[in-house]
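> based on what follows, work out the 3D shape:
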Amino acid sequence: MDLSTIYMGLDLKNPIVHSASPLSEKIDNIRRLEDAGASAVVMYSLFEEQINDEGHLLDHYLSYGSDSFAEALSYFPEMEHYHVGPEGYLGNVSRAKDAVDIPIIGSLNGVSSGGWIDYAEKIEQAGADALELNIYYIPTDPSMIAADVERLYVDVVQEVKKSISIPVAVKLGPFFSNLANMSQRLAKAGADALVLFNRFYQPDFDLEQLEVVPNLVLSNSYDLRLPLRWVAILHGRVSVDLAITRGVHTREDVLKGLMAGAKVTMMTSEILKKGIGRVSQILKEMTEWMETHEYESVAQMQGSMSQMHVAEPTAFERANYMKVLQSWRPDPTGRMP
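This is a model prediction of the structure:
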């Protein structure tokens, strides 16, 4: 059974990649991920705030809203609260490359070119095989138009691509007025892959302390629906590789992602819940399913259920919305389903 795939020009032994998480802070965990079968590891993210803090520079885009809320900048952790500083991050990338044979993908998390350019170069010099730009930005300034938000993303990708020669993936959220057009613009800006989608963690309210508090909720398989739909729509229409990074928990999730058109499916929440050994279990289950259904390779199924290749392509658009709403029927016994 040929489980191999090619992602951003990287030859991978299978389509399961470990996405950025605290697990990759320890080299031993990266070794264990390789042993379990992970085909590549995206390192935990280096945050723009860390880079800016070290250089005593606060980028213009991070200041949106800070004039209105005096405490806004205090939401960012102090430097000593980050697990590893910028220089330590580079050292970990280098040690990870020496420790394993699978590709190591660096991760930069922020919203501007700023200090990213220097550290993109340094991550490449540390030995990373590729770089993932995690552009985590929520525009809250009412005067900032959509074109400015989109230009921010495009500018970051263009500037980073000018500074390094390794492949660049862009991890972005779904909140664009025309995601298909935005994907095309990022491809033209030089992105080698799009990683769909970033999870924007929503804060919660503490009613006793009257504070806004962080709230981490791990994904589940239902979260796969949104990236699955958009990968299926974009496959074959945008000249970049596509990766799914939300809601991948089972062999079915991996297989669906591949059939939609993804080159790789990225997994973290399932590993955090059930352990690193879960990767090898899913790979075994995938192989069994493929043998039963007479697939010889991953490449054979990639994109087979994309919008371009299904009998009803409108199922990915408005027709599916209407059909789902019309399909509901009450339980004959009177109970709610």
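> where's Lys122 relative to Trp230, distance?
Lys122 is 32 Å from Trp230, where distance means Cβ to Cβ, to the nearest Å. (Glycine included, C-beta is placed from N, CA and C.)
> before we move on, what about Tyr136?
Distance, Tyr136 to Trp230, by Cβ to Cβ: 18 Å.
> same drill for the two, tell me which one is more crowded.
More neighbours surround Trp230 than the other of Tyr136 and Trp230, with 23 against 18 (other Cβ atoms under 10 Å).
> mind checking the backbone torsions on the more buried one?
Reported as degrees, to the nearest 10, the phi and psi values for Trp230 are phi -70, psi -30.
> excluding covalently adjacent residues, which one is nearest to it?
Closest residue to Trp230 apart from its sequence neighbours, by Cβ to Cβ, 6 or more residues apart in numbering: Leu196 at 5.6 Å.
> what does Tyr153 give?
Take Tyr153 and drop its neighbours on the chain: the residue closest to it by Cβ to Cβ, 6+ apart is Ile135, 5.6 Å away.
> list the beta-bridge partners for the one you found.
Under DSSP bridges, the beta-bridge partners of Ile135 are Gly110.
> quick one, strands of the protein?
Along the chain, counting by DSSP state E, strands occupy 5-7, 10-12, 16-18, 40-42, 46-47, 104-110, 130-135, 168-172, 193-196, 204-206, 211-213, 241-244, 264-267.
> mean pLDDT and distance to Ala187 for these - can I get that in TSV?
Formatted as TSV, those follow (pLDDT from 0 to 100; distance: least, Cβ to Cβ, whole Å):
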stretch	mean pLDDT	distance to Ala187
strand 5-7	98	15
strand 10-12	98	18
strand 16-18	98	20
strand 40-42	98	20
strand 46-47	83	24
strand 104-110	91	19
strand 130-135	93	14
strand 168-172	96	9
strand 193-196	97	8
strand 204-206	83	36
strand 211-213	82	37
strand 241-244	98	10
strand 264-267	97	17
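> compare the ones you listed and give me the one nearest Tyr222.
The minimum distance between Tyr222 and these falls on strand 241-244, with 13.6 Å, by Cβ to Cβ.
> helices or strands up against that closest one?
strand 5-7, strand 193-196, helix 225-234, strand 264-267 (3 or more Cβ pairs under 8 Å, 6 or more residues apart in numbering; DSSP states H and E).
> circling back to that earlier point, of all the strands of the chain, which one is nearest Val157?
Nearest of the strands of the chain (Cβ to Cβ): strand 168-172, 5.9 Å.
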